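> Pasting the sequence and the predicted model now:
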Amino acid sequence: MSEHAEAEPVNPEKKEVEEYRMTLLEHLWELRTRLIRSLLAMLVAFSVMLPFGENISTFLRAPAEPYFPAGSSFSSYTPLELFVTELKMSLFAAVFLALPVLFYQGWSFVAPGLYRSERRMVIPFVLFSTVFFTTGASFGYLFILPLAMEFLFSFSGEGIESKISVAAYLSDTTRLLLAFGSVFEMPLAIFFLARAGIVNAAGLAAFRKYAVILIFVVSAMLTPPDPITQIGLALPLIVLYEVGVITARLWGKKPPSPDDEPAEAPAK
């Protein structure tokens, strides 16, 4: 009697991924589409924020002004500097206005590689990504920037009149706030890595001591060369890393239990 090999059962999740598999050319075309839509969203947001460049500049200068030494002030050194600076401030504000669209386009690009149940998380992803980014930038503006300004201006010698370039200050400030907004996405990034099975709570906990060192290195690279902003960025990152460990423990991909593994076929 001939033996017929049993048909291998089809994994529904694997079949689902195969249905959405794209070729390299299709991936490149999809990336092009998402980039164009993101640029259009930025263009619209920039057009909306363009009239408010001066107001945004004033808003970002506010944390520094109370700590100015007597006789010191912001200065502009070229006639074009203020105009270009206000354009940059409008672009900076446009990033925050367009955040939901930017995150949605990023999600849509990776969605074909996700399961159907994961693709349904688009609204929570866009919402939490926007909230985390805005929270990080707000934390930098409300707490870290004033502390950094107070620390830096404390070195001004008596009788020395400081003329601070408004363009240089706003460039450093916007870079700092964008850095804080980006790194506050850490728990969300760990959540998706854990859901994909790339990381797990045990591995993150074992990597903790190296993560702390890496966090301080990254903080030093992203912030101006003063200890206040570097520590101010590193400490929240350490807390967020611990939040990520808890997130991976609660919602990470669970390893298969021995009961779920298929039993070996009896020997004939």
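Received the coordinates, thanks. Numbers count the residues shown, from 1 in each chain.

> Tell me where the model's unsure across the chain.
By pLDDT under 70, the low-scoring segments of the chain are 1-22, 113-114, 118, 156-161, 254-268.

> Which parts of it are helices?
Using DSSP state H, the helices found in the chain span residues 12-19, 24-49, 53-61, 81-97, 99-110, 116-119, 122-139, 145-153, 166-183, 186-195, 201-206, 208-222, 227-251.

> now those helices in TSV, with mean neighbour count and distance to Pro69?
Bear in mind the C-beta positions are built from the backbone N, C-alpha and C, glycine included. Shown next, in TSV, are the helices of the chain (neighbours: other CB atoms under 10 Å; distance: least, CB to CB, whole Å):
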stretch	mean neighbour count	distance to Pro69
helix 12-19	11	62
helix 24-49	14	32
helix 53-61	17	16
helix 81-97	18	22
helix 99-110	18	37
helix 116-119	14	54
helix 122-139	17	27
helix 145-153	18	6
helix 166-183	19	15
helix 186-195	20	37
helix 201-206	15	45
helix 208-222	14	27
helix 227-251	18	18
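
> Put together JSON lines for those helices, with distance to Gly71 on each row.
Below are those laid out as JSON lines (distance: least, CB to CB, whole Å):
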{"stretch": "helix 12-19", "distance to Gly71": "66"}
{"stretch": "helix 24-49", "distance to Gly71": "33"}
{"stretch": "helix 53-61", "distance to Gly71": "17"}
{"stretch": "helix 81-97", "distance to Gly71": "21"}
{"stretch": "helix 99-110", "distance to Gly71": "40"}
{"stretch": "helix 116-119", "distance to Gly71": "59"}
{"stretch": "helix 122-139", "distance to Gly71": "31"}
{"stretch": "helix 145-153", "distance to Gly71": "12"}
{"stretch": "helix 166-183", "distance to Gly71": "17"}
{"stretch": "helix 186-195", "distance to Gly71": "42"}
{"stretch": "helix 201-206", "distance to Gly71": "51"}
{"stretch": "helix 208-222", "distance to Gly71": "32"}
{"stretch": "helix 227-251", "distance to Gly71": "24"}
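
> domains in the chain, as residue ranges please.
Following automatic domain parsing, one gets these domains for the chain: 22-154, 185-253.

> Ok, which of those domains comes nearest Asp172?
Proximity to Asp172 (CB to CB) singles out domain 185-253 among those, at 5.6 Å.

> start to end distance for the closest one?
Taking CA to CA, to the nearest Å, domain 185-253 runs 20 Å from one end to the other.

> how distant is that domain from the center of its chain?
Remark: domain 185-253 is offset 12 Å from the chain centroid, using CA atoms, centre = their mean, to the nearest Å.

> re the thing from before, would you convert the domains of the chain into CSV that also reports distance to Ala179?
Formatted as CSV, these follow (distance: least, CB to CB, whole Å):
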stretch, distance to Ala179
domain 22-154, 8
domain 185-253, 4
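
> Noted, bye for now.
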